[in-house]
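Novice: Give me a model of this one.
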Amino acid sequence: MKRQIQVNNMLPLPPACILSLALIFLAALTGCSSSQPQPGVSTLSQFTEISGDSSFLVNDASAQTTADGYLCIADGDGSDQGNNIVSTAPGACFYPMLYTNTTYNFYFASIDCYDYFGEPSWYQSFSQNTGPSGSVTADVCTLYDYDLASGLSSNFAMAGSLPSTITAYASGFSSAYGMPKLLVYNTAGAIVGTATATSVAANGSSATFPFPTAVSGGTPLPSAFYFAAPKNFTNSTGGFTIPGGSYFSIGGTTTISTPFGVTVAPLTTVVQNCGPDVCSNPTTTTSPLPLITSYDGGQVTWDGFGTSVGSEPVAVAAWGSASGTETIPEGDEETLITMTGPAYALVANLGSGMVSVVQFDYQSTGSNNPPITGMSVIHNIAVGAKPMSVTLNSANTMGYVASYGSGTLAEINLSTFAVSRTATGLTGALSVAMDPSGSYVWVGGANYLYKVSLSTFTVVASYPVSGTVTSLAASNAQKELVYTLVENCCSASSTYAADEVSLSNMAVLGTHASASAAAYAPYTMNGTLPSAAVIPSATAVSAQFGNGMAASATPTGFVIYDVVSHKQVMTGTTPTPVRGIASDPDSTVAYFTLPDSNEYITVPLPQP
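Specialist: Residues are numbered from 1 along each chain as shown. Next up is the predicted model:
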């Protein structure tokens with residue numbers, strides 16, 4: 001006897017592969033590879049029923065080898081509780097007995113998927129009769145496939161300006177038994193949104209839906225990361241299949257004057273209540289907070305605090321940690337609030353040819369005094385003309401500043417706050433990144449990538465490229481450079497691309513979002529930038545998850561891509577060009593600055 005098991009599956013973007021995205025990210029992101037299976041796409045696999053009343057066994061070799069093992073829970077009494085048996089061998093589902101003409105719910109997923117969600121959020125229900133052996137088919141969650149990105153017409157939207165429709169692409173759509181539905185899940189596996197298709201392609205290759213709204217109240221979906229699966233009805237009694245699946249992110253926007261450079265400086269808050277003899281267990285929360293420069297305002301802001309720096313600040317990096325504590329008396333008890341955040345930041349000021357050292361001010365001076373009092377500039381350090389980008393070494397002992405106007409790279413000692421060395425001969429030095437080895441600094445310039453030795457602090461290699469390297473980052477785990485390249489900015493003949501290259505031989509591993517760069521032309525930031533395409537901090541690699549994901553600005557938005565499989569994961573359109581990108585250490589959100597429209601956007605990423 002053969003039966004088709006129809007399954008309602010969630011299709012997650014694996015935390016092991018995104019931005020940090022971490023874009024991106026996307027996710028539990030230690031790196032996606034065939035040797036490290038990650039939760040993901042449902043693959044149709046073959047099961048064999050043994051003796052009709054004892055077990056099911058997967059006999060699809062490809063499915064069995066694409067995951068570490070399988071978890072199967074069989075509900076023997078049809079009540080979703082009791083008689084639940086976990087399989088004792090990979091690929092098998094055992095249960096003690098079957099009841100004639102009873103519906104059984106089967107949970108079947110790879111161990112990787114189970115570990116990610118805590119429990120499978122889909123189930124397989126079918127009428128099982130005792131009888132001869134036979135085979136059935138079922139969808140099994142195995143490895144993620146980034147081709148799922150093409151399952152929807154859009155993988156990104158902005159809250160407040162959501163598209164009116166969205167199209168799902170898969171084979172086999174039909175309206176014969178009712179219009180398909182689109183099911184939207186949050187990262188915990190709960191259905192939070194739905195939509196009913198308004199049209200189905202004549203060849204069944206797609207279905208178009210109103211952009212889904214919240215299940216509760218029909219309100220617009222809030223800013224978050226979502227998974228989506230279309231539900232296609234196959235008979236008059238409600239049978240259905242899930243012909244495909246994908247994911248999308250809804251970003252939020254915050255208004256701020258000309259935000260340009262951005263990094264994430266988390267704030268950790270510990271609250272503890274204390275009585276005369278005992279204190280409660282402390283509660284700890286950590287919030288990813290963007291540290292942002294204002295290009296026209298000459299300021300840097302964080303957590304509601306700000307301070308003036310130099311003219312036209314375009315890049316920022318934070319380091320260290322410091323704490324302050326506030327004591328709030330309440331009768332014979334008191335509440336202690338301790339906040340820990342960054343200690344310092346280094347800001348590159350394009351217009352004034354210097355970098356500013358910003359100190360974050362904390363205090364612990366008694367009752368009802370805030371733990372954080374503000375920010376202040378403690379040093380201004382002259383570097384080359386038109387400093388454009390900044391990076392720090394892994395020990396946070398040295399900072400490196402690339403200056404476009406002078407074609408130099410300055411090394412700043414973060415203990416003495418002075419320039420210790422300067423490398424020259426880097427034409428159009430615009431973007432900078434540390435080499436994964438810690439022994440070199442890479443600088444992106446006009447028609448070249450430069451490799452600067454930290455031993456001699458000279459250029460030891462240069463690699464020609466066909467354009468200006470406008471932003472640059474490195475994936476430590478994957479031993480890659482990722483960068484954006486603009487040629488002949490900015491006219492109908494100009495081009496843009498986001499490239500990946502191997503550090504072992506500088507071979508190009510992937511090219512993403514190739515397009516005309518003409519869209520940069522209207523955006524010059526008051527004509528003070530060297531080029532309308534200047535985006536020195538607009539490429540980032542996930543802070544963790546094996547540096548498996550990267551995000552780059554494009555002339556019309558951004559692109560997120562997997563630097564392990566070299567596939568594009570997500571694209572987004574923004575009102576004006578993105579100038580800076582950063583993600584929090586846990587890669588749960590990414591921040592994109594849009595100075596020409598006075599806003600930054602927050603893009604939620606998959607959570608580990």
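
Novice: Now for Val508: which residues touch it?
Specialist: Contacts for Val508 (Cβ atoms under 8 Å, 6 or more residues apart in numbering) come out as Asp499, Glu500, Val501. Glycine gets a C-beta too; all of them are placed from N, C-alpha and C.

Novice: Export the residues you listed as a markdown table, with columns for distance to Pro180.
Specialist: A markdown table is the format used below for the contacts of Val508 (distance: Cβ to Cβ, whole Å):
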| residue | distance to Pro180 |
| --- | --- |
| Asp499 | 39 |
| Glu500 | 37 |
| Val501 | 42 |
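
Novice: Please flag which of those residues sit within strands.
Specialist: When DSSP state E defines the strands, the subset of the contacts of Val508 inside them is Asp499, Glu500, Val501.

Novice: wait, the first one sits on Tyr483?
Specialist: Yes. Proximity of Asp499 to Tyr483 meets the contact threshold set by Cβ atoms under 8 Å, at 5.9 Å.

Novice: Comparing the two, which residue is more hemmed in?
Specialist: A count of neighbours by other Cβ atoms under 10 Å puts Tyr483 above the other of Asp499 and Tyr483, at 25 against 19.

Novice: strand partners of the host helix or strand of that one, parallel vs antiparallel please.
Specialist: Per DSSP states H and E: Tyr483 is located in strand 480-487. Using DSSP bridges, strand 480-487 pairs in its sheet with strand 459-475 (antiparallel), strand 495-502 (antiparallel).

Novice: what residues does that strand touch?
Specialist: 431, 433, 442, 444, 449, 465-475, 494-503, 509, 517, 520, 531, 533, 535, 538-539, 541, 550, 552-554, 563.

Novice: Tell me which stretches of the stretch 401-550 of the chain form helices.
Specialist: With DSSP state H, counting those that start in this stretch as the definition, the stretch 401-550 of the chain shows no helices.

Novice: And this protein, split by domain according to the record?
Specialist: Domains of the chain are assigned by automatic domain parsing as 42-141, 160-251, 255-602.

Novice: Tell me the one of the contacts of Val508 nearest Val184?
Specialist: Looking at the contacts of Val508 and their distance to Val184, the nearest is Glu500, at 31.6 Å (Cβ to Cβ).

Novice: tell me the contacts of the closest one?
Specialist: Glu480, Leu481, Val482, Val508, Leu509, Gly510, Thr511, His512, Ala550, Tyr561, Val563, His566.

Novice: Counting neighbours, which of these end up buried?
Specialist: Of the members of the contacts of Glu500, the ones counted as buried by neighbours, 16 or more other Cβ atoms under 10 Å, are Glu480, Leu481, Val482, Gly510, His512, Ala550, Tyr561, Val563, His566.

Novice: count of residues packed around the nearest residue to Pro530 once chain neighbours are set aside?
Specialist: Using Cβ to Cβ, 6 or more residues apart in numbering and skipping residues adjacent in sequence, the residue nearest Pro530 is Tyr404, 5.3 Å away. Using other Cβ under 10 Å, Tyr404 has 28 other residues around it.

Novice: give me phi/psi at Tyr404?
Specialist: phi -70, psi -40 (degrees, to the nearest 10).

Novice: isn't Val541 right up against Leu472?
Specialist: No. Using Cβ under 8 Å, Val541 is not in contact with Leu472; the gap is 10.3 Å.

Novice: For Ala461, give me its contacts.
Specialist: So Ala461 contacts Tyr450, Lys451 (Cβ under 8 Å, 6+ apart).

Novice: at 6 Å what do you get?
Specialist: Contacts for Ala461 (Cβ atoms under 6 Å, 6 or more residues apart in numbering) come out as Lys451.

Novice: Identify the bridge partners of it.
Specialist: Bridge pairing for Ala461 - DSSP bridges - gives Lys451.

Novice: what separates it from Asp435, distance-wise?
Specialist: If you measure Ala461 against Asp435 using Cβ to Cβ, to the nearest Å, the figure is 11 Å.

Novice: contact partners of the helix or strand hosting Gly572?
Specialist: Using DSSP H and E, Gly572 falls within strand 567-573. If you take Cβ under 6 Å, 6+ apart as the criterion, strand 567-573 is touched by Tyr146, Ala149, Asn155, Phe156, His512, Thr556, Gly557, Phe558, Val559, Ile560, Tyr561, Asp562.

Novice: swap in stretch 348-358?
Specialist: 309-315, 345-347, 375, 377-383, 385-387, 390, 401, 417.

Novice: Buried only: go through those residues for me.
Specialist: The buried subset of the contacts of stretch 348-358 - by 16+ other Cβ under 10 Å - is 309-310, 312-315, 345-347, 375, 377, 379, 381, 383, 386-387, 390, 401, 417.

Novice: and the next element down the chain from whichever strand or helix holds Ser552?
Specialist: Assigned by DSSP H and E, Ser552 belongs to strand 549-554. Counting by DSSP H and E, the element after strand 549-554 in chain order, helix or strand, is strand 557-562.

Novice: Distance from that next one to the middle of the chain?
Specialist: Distance, stretch centre to chain centre, for strand 557-562: 9 Å (Cα atoms, centre = their mean, to the nearest Å).

Novice: what's the angle from the strand holding Gly572 to strand 495-502?
Specialist: Counting by axes from the mean of the first three to the mean of the last three Cα atoms, to 10 degrees, strand 567-573 lies at 150 degrees to strand 495-502.

Novice: And stretch 155-167, what's buried?
Specialist: Under 16+ other Cβ under 10 Å, the buried positions of stretch 155-167 are Asn155, Phe156, Ala157, Met158, Ala159, Ile166, Thr167.

Novice: Please disregard the earlier target; I meant stretch 575-585.
Specialist: In terms of neighbour count (16+ other Cβ under 10 Å), stretch 575-585 has its buried residues at Thr576, Pro577, Val578, Arg579, Gly580, Ile581, Ala582, Ser583, Asp584.

Novice: same thing with stretch 224-239?
Specialist: Ala224, Phe225, Tyr226, Phe227, Ala228, Ala229, Pro230, Lys231, Asn232, Phe233, Thr234.

Novice: Same question for the second one, what's its three-state structure.
Specialist: Put plainly, it is Phe225. strand (DSSP: H, G, I helix; E, B strand; the rest coil).

Novice: on that earlier part again, okay if I get the contacts of Glu500 as TSV plus pLDDT?
Specialist: TSV is the format used below for these (pLDDT from 0 to 100):
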residue	pLDDT
Glu480	93
Leu481	95
Val482	94
Val508	94
Leu509	93
Gly510	93
Thr511	95
His512	93
Ala550	88
Tyr561	86
Val563	85
His566	85
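
Novice: Let me know the closest of these to Ser455.
Specialist: Once Cβ to Cβ is applied, the member of those that ends up nearest Ser455 is Leu481, at 19.9 Å.

Novice: which residues does that closest one bridge with?
Specialist: Here Leu481, judged by DSSP bridges, has bridge partners Ala474, Val501.

Novice: try Ile381
Specialist: Beta-bridge partners for Ile381, by DSSP bridges, are Val355.

Novice: just the one 10 residues further on next, same as before
Specialist: As for beta bridges, Thr391 partners with Tyr400 under DSSP bridges.

Novice: List the contacts of it.
Specialist: Thr391 sits next to Tyr400, Val432, Ala433, Met434 when contact means Cβ under 6 Å, 6+ apart.

Novice: Quick one: residues contacting the last one.
Specialist: By Cβ under 6 Å, 6+ apart, the contact list for Met434 reads Thr391.

Novice: which residues are contacting stretch 291-303?
Specialist: Contacts of stretch 291-303 (Cβ under 6 Å, 6+ apart): 257-263, 265, 267, 289, 306, 308-309, 311-313, 316, 318, 347, 595.

Novice: In PyMOL, how would I select the buried members of the residues you listed?
Specialist: Here is the PyMOL selection string for the buried members of the contacts of stretch 291-303, based on 16+ other Cβ under 10 Å:
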select buried, resi 258+259+260+261+262+263+265+267+289+306+309+312+313+316+318+347+595
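
Novice: Show only the entries of the contacts of stretch 291-303 found in strands.
Specialist: Going by DSSP E, the strands hold Pro259, Phe260, Gly261, Val262, Thr263, Leu267, Gly306, Ser308, Pro313, Val316, Ala318, Val347 from those.

Novice: Thank you, goodbye.
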